[in-house]
Structures are given as structure tokens and as C-alpha cells.
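Asker: Quick one, what's the 3D model for this:
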Amino acid sequence: DRCPKSRYKKDADCCISQRTCQKLTHKRPSKMAFSSSFFRLTVFLVLLAQIQFLSTVVAEEVRVEIIQPGNGPPITTSHRYTSHVTLYIENTSNGSKTKAGWSTRQSDGATTDQPFTFQPGVNLIEGWTEGVLQMNEGERSWLHVPAEKGYGERPMGDPNGGGFYIPGNSDLVFDIEILGKEGEQEL
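Answerer: Sure, this is the predicted structure:
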């Protein structure tokens, strides 16, 4: 026995009489409709949690964005390399970069071109080593380093304008060009 204005069976919650059934404006959802809605909500919440987790993981990973590919061999921990570098502080919410006051390039504020020499894994921040080991000699890239793999909570430099300054918990971006192995002809 069905309600004339509803696809649901008559019961205490739907239709008591023909008159109340015609005035009834709400429809009671079936158990199946409730289960389906609950399932969709659950799936949505799980997906939202995964997206938030992945964005946190991605934010904590070093990322190399190639500006100009290199044609030399891959960088290893076995050699010292020369490079040109400009350091920026990255605002990850909008992607903007602010110079941090340290560069080896005259075109970016250094008094002369003064290549920086380094060996991956030796007296460097973790993110620098991870990033350069993904590069080749001759390559120029943006090296995105999250604060956790940079200087962490420690501020670095002079906040009063005496050279470079990096506030604590800063995400860093290095514009780095690996010129070649120390002592060898630069690419």
C-alpha cells in the first residue's frame, strides 16, 4: 500500500491518512539512499585526507626544476664541483621568490663572478646534497628545498641587512648552475 504523493509505503512516518499524505512535503530517504550518501561522504573524506597527506609529503621533498639541461655526467659524492648560485627564500603559498642576499653571480648582486665550490654530502644542508645529486654537470636548475631539509627553525645570517639573511622555517630556492668538477675545464 503506497502513499499517493510518495514512492514510499504508508507508515507512521509518511502517511497516516490520505489527507495528511497530500500535505506531506518531505520524503523519507530509503535506507539504501542513506547508505549511498554515507559511502560518498566517507570516500570524499578519505580522498581529502590523502590529498592533505600528499601535499605535506611533497612540501617536504627536494624538487629540481631544470632551467637548462647539462650535457655532462651526473653529479656524484666522489668529486668537488664549482657552481654559480643565487639563493632565494620561497613563499610556497604563491610561488614567489625573494633574494636572500647571497649570490656568486655578478649579474645577481655579487661584486664579481665568484664560483662556489662544494662536494655533495660534505658540510652542506641536506636539501642541497639531495638536489645536486639529481643534476648533471653543465645543468642549470631551480633547486627547491623545504625548510626541514634546509636550516629548519634556525635563522641564518644578519637580520639587520649585513649580507644575507634567512629567517627560521624558510623554504629555499637555489638558482644553481653546475660548471664542472673542480680543477677541470668548465662546461
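Asker: in which helix or strand would I find the closest residue to residue 171 other than its chain neighbours?
Answerer: Excluding its sequence neighbours, the residue lying closest to residue 171 (CB to CB, 6 or more residues apart in numbering) is residue 90, at 4.4 Å. Using the backbone N, CA and C atoms, a C-beta is placed for each residue, glycine as well. Here residue 90, judged by DSSP states H and E, is contained in strand 81-91.
Asker: Would you indicate which residues of that strand are buried?
Answerer: 81, 82, 83, 84, 85, 86, 87, 88, 89, 90 (16 or more other CB atoms under 10 Å).
Asker: now swap in stretch 106-117 and tell me
Answerer: 108, 115.
Asker: ok, back up a step: which single one of the buried residues of strand 81-91 is nearest to residue 122?
Answerer: residue 81 (11.1 Å; CB to CB).
Asker: Identify the residues contacting that closest one.
Answerer: By CB atoms under 8 Å, 6 or more residues apart in numbering, residue 81 lies in contact with 75, 117, 118, 119, 120, 132, 137, 178, 179, 180, 181, 182.
Asker: let's go with 6 Å and repeat that
Answerer: Neighbouring residues of residue 81 by CB atoms under 6 Å, 6 or more residues apart in numbering: 178, 181.
Asker: cool, and residue 142?
Answerer: Applying CB under 6 Å, 6+ apart, the residues contacting residue 142 are 65, 173.
Asker: Just the pLDDT at it, thanks.
Answerer: Looking at residue 142, its pLDDT reads 96.
Asker: tell me the SS of it?
Answerer: Assigned state for residue 142: strand (three-state reduction, DSSP: H, G, I helix; E, B strand; the rest coil).
Asker: now swap in residue 168 and tell me
Answerer: Criterion first, three-state DSSP; result for residue 168: coil.
Asker: how many neighbours does it have?
Answerer: Per other CB atoms under 10 Å, the neighbour tally for residue 168 reads 11.
Asker: who's in contact with it?
Answerer: 153, 154, 155.
Asker: Tell me how far the closest residue to the last one other than its chain neighbours lies from residue 69.
Answerer: Counting by CB to CB, 6+ apart, residue 155 lies nearest to residue 168, which is 4.6 Å off, once chain neighbours are set aside. Relative to residue 69, residue 168 is positioned 34 Å away (criterion: CB to CB, to the nearest Å).
Asker: What about the nearest residue to residue 165 once chain neighbours are set aside, how many residues nearby?
Answerer: Nearest residue to residue 165, sequence neighbours excluded (CB to CB, 6+ apart): residue 157, at 4.0 Å. Counted with other CB under 10 Å, residues neighbouring residue 157 total 17.
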